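this one's sequence-less:
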């Protein structure tokens, strides 16, 4: 077994796949989301992870962590996949429906492989203030 690298992980509103197999990512969130008020419940959040340069059977899990840095907001299902050789890739897509962000701040996207954390990156929820006020952010 050769542990794969995570080539990328991104969060977006939707993903489409062309007949050619190419993916189209819609509404890619840069570093977060700006909202007028909280709580906010986006229709859908998609997290796409691509694994490469590995060989063997693996289990991936994605979790969105609250701004406290520890409490899971929502956990994806464990996804099993196999890479036949180091030259192969696996793209995993998880859709989260009805996720409710109740507070402003930095949430964390954590991607684990076989139970080991492989990537952690921020996703900031910011309340956009009325004119002449500063944004609320933890």
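Cool, got the structure. Just so we're clear, the structure is a prediction, and the values are computed from it rather than from any experiment.

what's the burial count for the nearest residue to residue 64 once chain neighbours are set aside?
With CB to CB, 6 or more residues apart in numbering as the criterion, residue 64 has its nearest non-adjacent residue at 4.5 Å, and that residue is residue 73. The C-beta positions use only the backbone N, C-alpha and C, and glycine is treated the same way. Neighbour count for residue 73, taken as other CB atoms under 10 Å: 17.

How about the contacts made by residue 73?
Residue 73 makes contact with 64, 65, 66, 99, 101, 107, according to CB atoms under 8 Å, 6 or more residues apart in numbering.

got it, and residue 37?
So residue 37 contacts residue 127 (CB under 8 Å, 6+ apart).

Please report how far it lies from residue 106.
Plainly put, residue 37 is 19 Å away from residue 106 if you go by CB to CB, to the nearest Å.

same question, residue 67
From residue 67 to residue 106 the distance is 6 Å (CB to CB).

do the same with residue 27
Distance from residue 27 to residue 106, by CB to CB: 20 Å.

ok, the two, which is more surrounded?
Taking other CB under 10 Å, residue 27 and residue 106 do not tie; residue 106 has more neighbours (17 against 14).

Show me the beta-bridge partners of that one.
residue 124 (DSSP bridges).

hmm, back to that, can you tell me the element the residue nearest to residue 64 falls in?
strand 72-75 (DSSP states H and E).

Need the contact partners of the very next helix or strand once past that strand.
Heading C-terminal from strand 72-75, the first helix or strand you meet, by DSSP H and E, is strand 79-83. Strand 79-83 has contacts (CB under 8 Å, 6+ apart) with 4, 51-52, 54-61, 89-90, 92, 94.

Could you check which helix or strand contains residue 15?
Using DSSP H and E, residue 15 falls in strand 14-17.

Buried ones in the next helix-or-strand element following that strand, by neighbour count?
Counting by DSSP H and E, the next helix or strand C-terminal to strand 14-17 is strand 23-26. Within strand 23-26, no residue counts as buried by 16 or more other CB atoms under 10 Å.

Strand partners (parallel or antiparallel) of the helix or strand of the chain with the lowest mean pLDDT?
When the helices and strands of the chain are scored by mean pLDDT, DSSP states H and E, strand 32-35 comes last with a mean of 91. Strand 32-35 pairs in its sheet with strand 116-127 (parallel), by DSSP bridges.
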